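>>> structure here, sequence nowhere to be found:
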Ligand code: UT7
């Protein structure tokens, strides 16, 4: 029997309607459109507003659209993973909240946190269940409401992040398409460069942690920038080398969208012309677990069955990785 592989057979994504532009940010902190665009490539980001609206709302919209689009019945889904750093609550997992809202009752569901690499970590994890033959319809969500942990008085981080996400359906294929190879990496010595200090078990929430702003994202941008460039370019080159792929063989590179300069540097180090690189950071900013599904969703109509696609991400932890997949439809 031919080898079972996990193929993406559908994608849907969603962003909230409200938009926060660079001009809006100029009124909130000392910054300007020219600095933001030249240093990051970001022009606007979407923000989820409304009382009691958590990341699950983004996931629900994405999965609802995915089920409709792929004619998948909720009862046939047998696993759902949600990659996020901004789950609705510490527990239960946001994956369960999404499943409940959509009447997905026959699946086991959990969240996975690998910061900005969450979607690719979850995709590889999910693919193993499909490849083993135990699970046949697996949904992977990447979604974040970053506005819930951004300090809108800190100009070095508030310009970067936005809210949004997407979901893919993974199904078994014996056609030699789907997820072909992956490299995932973690290095905990990067933990002090990008984190949310309080709210967990080490510093539970108190009036003092709130007053100190310890529930917001902290980032020391320059070391993260350097590690992101070297980490992503290394695993993109490695996955191509060990599979004898040249840039000519690859239809698209879908990189995590943290900074346009990082994307351009990684692309050039791996010899990818920018015309083959998915870039939509100008519209959404950094949506953490949401960036790669938002890219695949926007490029869906340009993707063809059999196209070689490389995904790559880098995030807090540090975490990073690359996936080589053959598009399945
Ligand atoms: O997705 C997870 C992984 N995250 C990333 O990959 C992000 C990696 N880091 C970055 O993208 C960049 O480091 C940032 C975009 C965060 C910052 O860009 P940078 O070129 O590294 O700027 P910087 O932090 O070195 O700051 C340069 C100057 C500083 O002023 P001085 O000290 O030179 O006078 C900052 O205070 O720019 C200043 N600055 C700003 N000026 C206007 C910082 N933020 C702003 C701002 N507007 N919003």
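Looks like it arrived, so ask away. Predicted model, so just to flag it, every value in this text is computed and none were measured.
>>> quick one: contacts for whichever residue of the chain sits closest to the ligand?
The ligand sits closest to residue 221 of the chain, with a gap of 2.6 Å, by CB to the nearest ligand atom. Where C-beta positions appear, they are placed from N, C-alpha and C, glycine not excepted. Counting by CB atoms under 8 Å, 6 or more residues apart in numbering, residue 221 makes contact with residue 156.
>>> for residue 132, same thing?
By CB under 8 Å, 6+ apart, residue 132 lies in contact with residue 4.
>>> now do 10 Å
4, 6, 172 (CB atoms under 10 Å, 6 or more residues apart in numbering).
>>> roughly how far apart are the second one and residue 181?
As for residue 6, its distance to residue 181 is 12 Å (criterion: CB to CB, to the nearest Å).
>>> cool, the first one as well?
The gap separating residue 4 from residue 181 is 15 Å, by CB to CB.
>>> just residue 152 next, same as before
Between residue 152 and residue 181 the distance is 41 Å, computed by CB to CB.
>>> name the element the spatially closest residue to residue 213 that is not a sequence neighbour belongs to?
Distance criterion CB to CB, 6 or more residues apart in numbering; nearest residue to residue 213, sequence neighbours excluded, is residue 151 at 5.8 Å. Per DSSP states H and E, residue 151 falls between elements, in no helix or strand.
>>> residues touching residue 151, list them.
Taking CB under 10 Å, 6+ apart, one finds 29, 157, 158, 213, 215, 216, 217, 218 in contact with residue 151.
>>> who's more crowded, residue 6 and residue 181?
Taking other CB atoms under 10 Å, residue 6 and residue 181 do not tie; residue 6 has more neighbours (27 against 16).
>>> what packs against the helix or strand containing that one?
Residue 6 is part of strand 5-14, with elements assigned from DSSP H and E. Under the contact definition 3 or more CB pairs under 10 Å, 6 or more residues apart in numbering; DSSP states H and E, strand 5-14 sits against helix 55-69, helix 118-131, strand 138-145, strand 163-173, strand 178-186, helix 291-299, strand 319-326.
>>> check the ones you listed for me and report the most buried one.
Compared across those, strand 138-145 shows the largest average neighbour count, a mean of 32 (mean count of other CB atoms under 10 Å).
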